[in-house]
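In: Whatever this is, show me its structure:
(one chain, ligands or ions: 2)
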Amino acid sequence: MKILLLGSGGREDALAWRLSQCGSCEELHVAPGNPGMARWADEVHALDLSDLAATVQLAKGIDADLVVVGPEAPLVAGLADLLTEAGIPCFGPGKGAAMLEGSKSFTKRICDDAGIPTASYCETASVEAAMAALDRFGIPVVIKADGLAAGKGVTVAMTREEAEEAVREAGDAPLVIEEFLDGEEASLFALCDGSSVQFLASAQDHKRVGEGDTGPNTGGMGAYSPAPVLTDALAEQAMREIVAPTAQWLEQQGMAYRGVLYAGLMLTAEGPKLIEYNVRFGDPECQAIMPRIAGDLAAALLAVAKGDLGSAEAIELEDAHVMTIVVASKGYPASATKGGAIHGIEAAEEEGAIVFQAGTSRNDDGQLVANGGRVLNVTAAGESLADARDAAYAALGRIEFADGFSRRDIGWRELGRDRTDRT
Ligand code: AMP
Ligand code: GLY
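Out: Ligands and ions are numbered 1, 2, ... in the order given. Modelled structure (predicted):
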């Protein structure tokens, strides 16, 4: 089949790398892509992804059998619906179901209707109502802006002063104010073809820019898969109590979900609870998941897009641990130093790692340079998480990028735990 993969980040580089290895993938087209994705793609197309009509036109023009959408914005804008109207199977949900990521209050209403475990909450639309809600939930309390905010619309307030400041700052904007959940976070990724769901993988990421999980939030500074805290039993429970009822609710409402469902979970003393949904793969979690996937991922994604997951062989996961470490440009997340030269990718890959690219480009001399906040994802597998970490950091040591930095402690929480079953 001919696949058109949309996006240009580390997540899409990992998807391109994995899809290009599948027997069923005869031609891989990417748009707008990046220099890393050009390594695996048959063709890279220039595209403004916010131009939905141009995107559909491109898919038609290359006669794509499947479109795989990396980021959430085109899904929330309705790209999958346009592709479906044009008769092109799309891996990624329609506008209705993409509201799972686009609107926090939408997700909360599904939880109410379907009895899905989540933090108790209330919705407010004025400073006065929000202040009253603070009294109800006590401290700590979580204050969320409704709508897409790239992870920046959430305040976990540890004091009343902090909570009041967040409320005043939001003004009379719609907020979701909710109970603070105590526990450890883990991410669960499931394939959903509209009616059936299939567990794909677990992962954990490090969202803060600084070591020890301190400093401002980022898109993610590193990740690993699997997440041992999400045991098989907890993953099954989350699939049964959270993911399956969500898919069922959406189907009943005529918004069948076709794509990957990314559930952000809090593992509490009472079991897994839903923090949020995303309607795409995580970035950088995807970079840690793709090397674990055995078999024909492309065939499975097509089956999902066609609403017939049962027709493809179930995806098997390699029994390996994978870690990915983000190399970001100095100044990230506030700003990014662009244009700095990057060397050593081949040397890092000779160490057995794979280096997925995100914010990179080629300058006029053909030299690979930084072109964004998160630049590289140095990714390595091992029999244990410690082995994967050692391999990834050894490879990272071969990268020469003067304007870059990485966290040195990816996996610290998990690696610090005493797991007697660890090899
Ligand atoms: P969200 O955008 O909803 O994923 O929230 C961003 C981050 O805020 C999450 O990854 C959690 O670390 C934290 N968070 C969100 N909701 C809660 C909650 N109810 N209790 C504790 N922490 C939360
Ligand atoms: N790494 C977090 C996300 O992709 O939303």
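In: what's the burial count for residue 57?
Out: By other CB atoms under 10 Å, 13 other residues sit near residue 57. (C-beta placed from N, C-alpha, C; glycine too.)
In: And for the one 10 residues further on?
Out: If you count neighbours by other CB under 10 Å, residue 67 ends up with 29.
In: just residue 298 next, same as before
Out: 27.
In: got the contact list for it?
Out: Residue 298 is in contact with 1, 3, 19, 22, 24-25, 66, counting by CB atoms under 8 Å, 6 or more residues apart in numbering.
In: what's near enough to touch the closest residue to residue 180 other than its chain neighbours?
Out: Leaving aside its sequence neighbours, residue 180 sits nearest to residue 140 (CB to CB, 6 or more residues apart in numbering; 4.0 Å). Shown in contact with residue 140 (CB under 8 Å, 6+ apart): 156-158, 180.
In: low-confidence ranges in the stretch 251-400 of the chain?
Out: For the stretch 251-400 of the chain, applying pLDDT under 70 flags no range at all.
In: Neighbours of the residue in it positioned nearest to ligand 1, how many?
Out: In the stretch 251-400 of the chain, the residue that lies nearest ligand 1 is residue 276 (3.7 Å; CB to the nearest ligand atom). For residue 276, the neighbour count with other CB under 10 Å is 18.
In: Run a quick neighbour tally on residue 103.
Out: 17.
In: For residue 48, give its distance to ligand 1.
Out: Counting by CB to the nearest ligand atom, to the nearest Å, the separation of residue 48 from ligand 1 is 27 Å.
In: meant to ask about residue 171
Out: 20 Å.
In: Would you agree that residue is in contact with residue 128?
Out: No - applying CB atoms under 8 Å, one finds residue 171 not in contact with residue 128, separated by 11.4 Å.
In: for ligand 2, what are the nearby residues on the stretch 201-350 of the chain?
Out: 205, 219-220, 278, 282-283, 285 (CB under 6 Å from any ligand atom).
In: ok, so of the residues you listed, who is nearest residue 79?
Out: Nearest to residue 79 out of those is residue 278 (CB to CB; 15.9 Å).
In: of the residues of the stretch 201-350 of the chain next to ligand 2, closest to residue 267?
Out: residue 205 (14.8 Å).
In: Residue 182: how many residues sit nearby?
Out: Residue 182, neighbours per other CB under 10 Å, totals 10.
In: so it sits right up against residue 268, yeah?
Out: Yes - taking contacts as CB under 8 Å, residue 182 lies within contact range of residue 268: 6.3 Å.
In: ok, for residue 4, nearest residue in space, not its chain neighbours?
Out: residue 64 (4.2 Å).
In: For residue 267, see how far away the one you found is.
Out: 39 Å (CB to CB, to the nearest Å).
In: Show me which residues of this structure are close to ligand 1?
Out: With the criterion set to CB under 6 Å from any ligand atom, the chain comes near ligand 1 through 119, 142, 144, 151, 154, 156, 178-181, 185, 264, 275-276.
In: just to revisit the earlier point, got the contact list for the residue of the stretch 251-400 of the chain closest to ligand 1?
Out: 101, 104, 107, 264.
In: phi, psi of the first one?
Out: Looking back up the chat, that one is residue 101. Residue 101 adopts backbone torsions of phi -90, psi -30, taken as degrees, to the nearest 10.
In: And stretch 283-303, end to end?
Out: Stretch 283-303 has an end-to-end distance of 23 Å (CA to CA, to the nearest Å).
In: cool, and stretch 327-346?
Out: Terminal residues of stretch 327-346 lie 16 Å apart, using CA to CA.
In: likewise stretch 32-46?
Out: Span of stretch 32-46 from end to end, CA to CA: 5 Å.
In: do stretch 277-289 as well
Out: One end of stretch 277-289 sits 18 Å from the other (CA to CA).
In: Going forward, the N-terminal residue is numbered 6.
Out: In the new numbering, first residue 6, that becomes stretch 282-294.
In: How far off centre is that stretch?
Out: Mean-position distance between stretch 282-294 and its chain equals 2 Å (CA atoms, centre = their mean, to the nearest Å).
In: How much space separates residue 314 from residue 81?
Out: Residue 314 sits 23 Å away from residue 81, going by CB to CB.
In: so what's residue 58 closest to, chain neighbours aside?
Out: residue 87 (7.7 Å).
In: just residue 267 next, same as before
Out: Among residues not flanking residue 267 along the chain, residue 283 sits closest, at 4.0 Å (CB to CB, 6+ apart).
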